[in-house]
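Student: let me see the structure of the following:
(one chain, ligands or ions: 1)
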Amino acid sequence: MSGRPDLPAWRVLLDHVRPFRTNLLLGGLLSAGTAATGLALPLVVRDLITGLAEGGVVTGLLVLMSVLVLAHAAIGAVGAYLLERTAESVVLAARQRLVSRLLWLRIPTLDDTEPGDLMSRVSTDTTLLREVSTRSVVYGVTGVLTLLATMTMMALLDPVLLVVVLAVLCVAQVVLGVVVPRIARAAEHTQESVGAMSAAMERALGNLRTIKASGAEERERDRLHDSAVRAWRGGVRAATWHAVAGSTGGLALQLSFIMVLAFGGARVVSGDIDVGTLIAFLLYLYYLMPPLRELTHVAGQYQVAAAAIARIQEVEALPTEPHAPPAASPRVASPPVATAPPAASPRVATSPAAVAFEQVRFRYRPDLPEVHHAVTFEVPAGGMTAFVGPSGAGKTTVFSLLERFYEPDSGRILLDGEDLADQPLADLRAAIGYVEQDAPVLSGTLRENLLVGAPHTGRAELTEVLTTTRLDAVVARLPDGLDTAVGHRGVKLSGGERQRVAIARALLRRPRLLLLDEVTSQLDAVNEAALRDTIADVAGTTTVLVVAHRLSTVTTADRIIVMDTGRVRAVGTHPHLVATDRVYAELAATQLIGTG
Ligand SMILES: Nc1ncnc2c1ncn2[C@@H]1O[C@H](COP(=O)(O)OP(=O)(O)OP(=O)(O)O)[C@@H](O)[C@H]1O
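Tutor: Numbers count the residues shown, from 1 in each chain. Model prediction:
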């Protein structure tokens, strides 16, 4: 399946339908079979009536009629089921492909998109493929075949009258040529508005507390109503053009009828054709009506689907990260822990990683100022290293670059002396435990949250991590323990509990490199001290990098890297920096932690 946005919609549609062509063909044939059994029925009825009138035995015909009725119903049901199933399968495949793409989107791409809009492409736009991918294909094909067959019969009867009909239909075609693109534009507009509405909805419901606290419900409601009205307007416009297209087709046939009557009458008078031919021709003209109506409808449907396909194609064209599962579990330290089972301790089986930045320059987007100006530092394997410095200095960016959420513009980032750019992404991320600044917790149960990155964790290991992060008391307090649902973004937990859940989640991955971004900001003094002990413990077997505003968390660090406006200003231990670095000394002084 191609994600090229320049492909015409019909090519993309064919790509979507191709995997299901056998079912589609079968469904189409069964639909034709249903029509055939339906057509055969009147003939049997005619024979039956004739047979009855002549006093003959009609048992056979009655049986045949029953079989035809049953076959008609059964074939019709199976055909409809197959077509509907195929349509659902087309939608399912499109949704699965989009989901697989969205989860591997590159973070810079995600920074520039609205999640709600992307969600509406997966849920709403894919639904629009349903109708057009099966029914419309079948009706389109049968419509064209019927049209050609009928026109052939008309040509055989009187080619001159056929030319008259075609002339009228050509005029109608010109009108349709104007109308159909307008349906497309209206559909495009509707889908965009539905996307905007989903984005606004996601923004509102995802931040309802902030909106309520800011008293902004009415403004948000107006914004949502606006999007809904825009979608409605697009829908109404599309319906209007659909109606114009439908009546143009009908009108063209009525006009053809009048023209054929006039021209045909003249040809009968002049003796070119007989009355019977004219009547047969007029009957065929009426046979044209259903396929023409179907084809006009299909053209409209196609335009709506084309708008949805364009939006789906945009997602398919978004850049994604390469994805392959991690090669193996994180690198094992030598000698491996042979005496104790691996589940006994979450943190002894891996070897710590060394990290280095070499002249790293980075900006988030080409139009934004540089965030890292030749950042250089080295962190040996093991121990704890803290990043401190004013807000906006580029500390979190160090972590984002280590996770390869973004790529540096120049310079190198090394893990154990190997350039990150040369390491498979999945392996790299498997080696890193990352606790983000706002400690995100996913909706679901506490257990799901803890095990999201390490689903095969043993009970002993989980219990140990819960104890280390002091979550055991929290779990004991919760009504369903680990199986308690934590709510959207973990709203049912306190800020400090969320931070500890995020830390436990990272520890359970047994990282070789642990990145902790502002993880003590919401902890009370007791829990902060406990976490300090945990970090010190972890730092024995894992390289721990910490971003901290509170210097109390980092005074015991093995080294502190002071960053300022995208540069490394100084590196050293707390006492060394207090004595030698003005910015650090000021930070230490303002936080009243003493300078010793
Ligand atoms: N996704 C992003 N897109 C664009 N600019 C960004 C993005 N993330 C951060 N920035 C900018 O990059 C700069 C450095 O941000 P960073 O988060 O690394 O700073 P920080 O030192 O961690 O700050 P803080 O201590 O406040 O968390 C800031 O000016 C910020 O506005």
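
Student: okay, CA-based contacts and neighbour counts for the rest of this
Tutor: OK.

Student: got the residues of the stretch 201-350 of the chain near the ligand?
Tutor: By C-alpha under 6 Å from any ligand atom, no residue of the stretch 201-350 of the chain approaches the ligand.

Student: ok, the residue of the stretch 451-596 of the chain found nearest the ligand - how many residues close by?
Tutor: For the stretch 451-596 of the chain and the ligand, the shortest gap (C-alpha to the nearest ligand atom) falls at residue 549, measuring 6.8 Å. As a burial measure, residue 549 scores 21 neighbours (other C-alpha atoms under 10 Å).

Student: can you start the count at 20 instead of 1 from here on
Tutor: Sure thing, new numbering starts at 20, so read that last one as residue 568.

Student: mind checking pLDDT for residue 557?
Tutor: Note for residue 557: predicted pLDDT of 82.

Student: the residue of the stretch 470-615 of the chain closest to the ligand and residue 574, how far apart?
Tutor: 11 Å (C-alpha to C-alpha, to the nearest Å).

Student: check residue 422 too.
Tutor: Note on residue 422: its distance to residue 574, by C-alpha to C-alpha, is 26 Å.

Student: which of the two has more neighbours?
Tutor: Legend: neighbour count by other C-alpha under 10 Å for residue 422 and residue 574, higher for residue 422 (20 against 17).

Student: nearest residue to that one other than its sequence neighbours?
Tutor: Of all residues not flanking residue 422 in the chain, residue 448 sits nearest, at 6.3 Å (C-alpha to C-alpha, 6 or more residues apart in numbering).

Student: now swap in residue 420 and tell me
Tutor: Closest to residue 420 by C-alpha to C-alpha, 6+ apart is residue 426, at 6.3 Å.

Student: where's that neighbour, which helix or strand?
Tutor: Per DSSP states H and E: residue 426 is located in neither a helix nor a strand.

Student: pLDDT score for it?
Tutor: 94.

Student: contacting residues for the residue nearest to residue 435 when sequence neighbours are not counted?
Tutor: Residue nearest to residue 435 in three dimensions, not counting chain neighbours: residue 373, with 4.8 Å by C-alpha to C-alpha, 6+ apart. The contact partners of residue 373, by C-alpha atoms under 8 Å, 6 or more residues apart in numbering, come to 397, 398, 399, 400, 401, 433, 434, 435, 436, 562.

Student: looking at the residues you listed, which gets the smallest pLDDT?
Tutor: Minimum confidence in the contacts of residue 373 sits at residue 401, scoring 89.

Student: what's around that residue, how many residues?
Tutor: Using other C-alpha under 10 Å, residue 401 is surrounded by 22 other residues.

Student: for residue 189, same thing?
Tutor: When neighbours are defined as other C-alpha under 10 Å, residue 189 has 12 of them.

Student: of all of the stretch 70-219 of the chain, which residue lies closest to the ligand?
Tutor: Proximity to the ligand, evaluated over the stretch 70-219 of the chain using C-alpha to the nearest ligand atom, is greatest for residue 130 at 6.0 Å.

Student: tally of neighbours for that residue?
Tutor: Using other C-alpha under 10 Å: residue 130 sits among 10 other residues.

Student: distance of it from residue 455?
Tutor: Applying C-alpha to C-alpha, the value for residue 130 to residue 455 is 16 Å.

Student: one more: residue 588?
Tutor: Plainly put, residue 588 is 24 Å away from residue 455 if you go by C-alpha to C-alpha.

Student: so residue 415 touches residue 564, yeah?
Tutor: No: taking contacts as C-alpha atoms under 8 Å, residue 415 lies outside contact range of residue 564: 10.8 Å.

Student: which parts of the protein sit against the ligand?
Tutor: 383, 390, 410, 411, 412, 413, 414, 415, 416.

Student: just the buried residues out of these, in ChimeraX syntax.
Tutor: Here is the ChimeraX command that selects only those of the residues of the chain next to the ligand that count as buried (16 or more other C-alpha atoms under 10 Å):
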select :383,390,412,413,414,415,416
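
Student: would you mind finding the longest helix in this structure?
Tutor: Determined from DSSP state H, the single longest helix within the chain is helix 236-288.

Student: could you check the angle whichever helix or strand comes after it makes with helix 236-288?
Tutor: Using DSSP H and E, the helix or strand that follows helix 236-288 in sequence is helix 294-306. Between the axes of helix 294-306 and helix 236-288, defined by axes from the mean of the first three to the mean of the last three C-alpha atoms, to 10 degrees, the angle is 170 degrees.

Student: what comes up buried for the helix or strand following helix 294-306?
Tutor: Using DSSP H and E, the helix or strand that follows helix 294-306 towards the C-terminus is helix 308-335. Going by neighbour count (16+ other C-alpha under 10 Å), the buried part of helix 308-335 is 308, 310-335.

Student: stretch 177-194 now?
Tutor: 177, 180, 181, 183, 184, 185, 187, 188, 191, 192.

Student: okay, domains of this structure per the record?
Tutor: What automatic domain parsing lists as the domains of the chain is 28-335, 361-609.

Student: name the helix or strand for residue 228, please.
Tutor: helix 227-232.

Student: could you report the pLDDT at the residue nearest to residue 422?
Tutor: Residue 448 carries a pLDDT value of 92.

Student: likewise residue 186?
Tutor: Reported pLDDT for residue 186: 90.

Student: just how off-centre is whichever strand or helix holds it within its chain?
Tutor: Residue 186 belongs to helix 178-225 when assigned by DSSP H and E. Its chain's C-alpha centre and that of helix 178-225 lie 25 Å apart, by C-alpha atoms, centre = their mean, to the nearest Å.

Student: what's that helix packed up against?
Tutor: helix 134-139, helix 154-176, helix 236-288, helix 308-335 (3 or more C-alpha pairs under 8 Å, 6 or more residues apart in numbering; DSSP states H and E).
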